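Visitor: could you look at this predicted model? Sequence included:
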Amino acid sequence: MVAGAGIAVTPIAAAARATPVITWYARPESGGSTVQAAKQCTAQAGGRYRIEISPLPADASAQRQQLVRRLAANDSGIDLISMDVIWTAEFAEAKWVRRWPTALADQVSTDVIPAVLQTGQYHGRMYAAPLNTGSQLLWYRKDLVPVAPTTWDEMISMAERLPDGVNKIEVQAARYEGYTVWFNSLLASAGGRILAGPTTPSLRDPATVAALQVIKRLATSSAADPSMSNNREDTTDQAFNAGRAAFMVNYPFVYAAAKADAPDVFQNLGVALWPGVTPGEPSHVTLGGLNLGVGAFSSHPNLAFTAARCLLDPESQILRATKDGLPPVQEALYDDSRFRAANPFADLLLQTFKDGSQRPASPAYNDISLAVLNVLHPPSGIDPKSDAAALRSRVDDAVHSRGLL
């Protein structure tokens, strides 16, 4: 070949190179649903685009750190983002994700559980479309407790009457986001909220005091796990499956874990709605999950929205639900036989999501969460009335960017 001469390219190779690549920053799930959905949508695209996954770390904080660094640098290679629900306000305010076009937003909102839909909205507009959702249920030992409690006070009293060694209530109270989630769920269930507006703290008595009284009572009772202030989702599940607890609040992954790892516990495993704070009033448990955003600097924004629409379709939702235990966002899918076979508690999940609560929709959310952890940890040291006032002050500092938390 003569030096400098052009290299012949076959039509097939040229076509493959010309196919736009939509890069999806996502955490590949252990069951393979993320990879499989990307392959299916690529096949359905018929050559219009190809979805490639750029893996995110397993830890949510590390995910955010990586994305913030790239988006702040106007990275055009970020087309789709699997976004934690707490990032919506921050990413929208920073203009790191595109607002969904109204017509497309209406399409992907069809039949989505209203409380779940709100997790992707900021100032009433959609910046991230719900991909999957999640929340906690109450898991209990039917051989120890024939009837599930309906309030936290009732549950603590039940546990205190049980023999030592099987009487613990497992909660997530380490100094991390799971503790903020527990507090937010208690606060919402008591009729309160952290923010009354984007820069206006709420946290007014008596709801805040009622939520803190529950934490304090459990932490200082015989029902408290000695490791309570260090426990997360995995360690609480391990303690429950070891037979040391009568109750646990946790996510649905524990069902399959107990079935596989703790058959003696599983045969007596009961599941119920998360306990309320006020008798006769439903609980409002904090919603989690992932939403799908389109990067603000994407080189292919229209194709990215098209690909996102495919990844959000009902079959993709069922794929995530059955392969990786990620609950769907559309209400009708809770009647799907494939979902119900893997989740016999589907009706409880749906009710939990319908009644679900949000964490504060604020660009300062990370500082708000730090304020909660700084004031309210460890749980045994809480003084409900004085800490309610202290927390209100620290949250006010957070939303007004006063000082480092």
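Guide: Nice, thanks for sending it over. Numbering: from 1, shown residues only.
Visitor: ok so residue 391 is a helix residue?
Guide: Yes. If the criterion is DSSP: H, G, I helix; E, B strand; the rest coil, then residue 391 is within a helix.
Visitor: tell me how many other residues surround it.
Guide: By other C-beta atoms under 10 Å, the residues close to residue 391 number 22. C-betas here are computed from N, CA, C, even on glycine.
Visitor: who's in contact with it?
Guide: Contacts here follow C-beta atoms under 8 Å, 6 or more residues apart in numbering; on that basis residue 391 touches 203, 208, 371-372, 375-376.
Visitor: in helices only, show me those.
Guide: Judged by DSSP state H, the subset of the contacts of residue 391 located in helices is 208, 371-372, 375-376.
Visitor: in the protein, which spans are strands?
Guide: 21-26, 50-55, 80-84, 121-122, 125-126, 129-134, 137-141, 168-170, 195-197, 200-201, 245-250, 269-272, 288-294 (DSSP state E).
Visitor: and residue 4, what pLDDT?
Guide: At residue 4, the predicted lDDT confidence score is 41.
Visitor: picking up where we left off before, out of the ones in helices among the contacts of residue 391, which end up buried?
Guide: The neighbour count (16 or more other C-beta atoms under 10 Å) marks 208, 371-372, 375-376 as buried among those.
Visitor: including distance to residue 361, could these go into CSV?
Guide: Compiled in CSV, these are given as follows (distance: C-beta to C-beta, whole Å):
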residue, distance to residue 361
208, 19
371, 16
372, 16
375, 21
376, 21
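Visitor: now for residue 314, how many residues are close by?
Guide: By other C-beta under 10 Å, the residues close to residue 314 number 14.
Visitor: contacting residues around it?
Guide: Applying C-beta under 8 Å, 6+ apart to residue 314 gives the contacts 328, 330, 332-333.
Visitor: quick one: which of these is most hemmed in?
Guide: Neighbour counts for the contacts of residue 314 (other C-beta under 10 Å) peak at residue 328, which has 30 neighbours.
Visitor: from what I can see it touches residue 322, true?
Guide: No. Counting by C-beta atoms under 8 Å, residue 328 stays clear of residue 322, with 9.9 Å between them.
Visitor: shared neighbours of those two, anything?
Guide: Shared contacts of residue 328 and residue 322 (C-beta under 8 Å, 6+ apart): residue 339.
Visitor: distance of residue 302 relative to residue 380?
Guide: Distance of residue 302 to residue 380, computed by C-beta to C-beta, to the nearest Å: 54 Å.
Visitor: more neighbours: which of these two?
Guide: For residue 302 versus residue 380, neighbours defined as other C-beta under 10 Å are more numerous around residue 380 (15 against 11).
Visitor: let me see the contact set for the more buried one.
Guide: If a contact means C-beta under 8 Å, 6+ apart, then residue 380 has 216, 219-220, 224, 228-229 as its contacts.
Visitor: which residues does stretch 101-111 contact?
Guide: 100, 117, 125-126, 129, 305, 308-309, 312, 330-332.
Visitor: again, 10 Å this time
Guide: With contacts defined as C-beta atoms under 10 Å, 6 or more residues apart in numbering, stretch 101-111 is touched by 99-100, 117, 120-121, 125-127, 129-131, 292, 294, 301-302, 305-306, 308-309, 312-314, 328-333.
Visitor: which among these end up buried?
Guide: Among the contacts of stretch 101-111, those classed as buried by 16+ other C-beta under 10 Å are 99-100, 117, 120-121, 126-127, 129-131, 292, 294, 305-306, 308-309, 312-313, 328-330, 333.
Visitor: how about the residue nearest the centre of the chain, what does it touch?
Guide: For the chain, the residue nearest the mean C-alpha position is residue 288 (1.9 Å; C-alpha atoms, centre = their mean). Counting by C-beta under 10 Å, 6+ apart, residue 288 touches 60, 84-86, 119, 132-136, 177-178, 181, 251, 327, 356, 359.
Visitor: low pLDDT regions in the stretch 301-405 of the chain?
Guide: For the stretch 301-405 of the chain, the stretches flagged by pLDDT under 70 are 403-405.
Visitor: can you map out the helices along it?
Guide: For the stretch 301-405 of the chain, the helices defined by DSSP state H, counting those that start in this stretch cover 301-311, 314-324, 337-342, 346-354, 365-376, 384-399.
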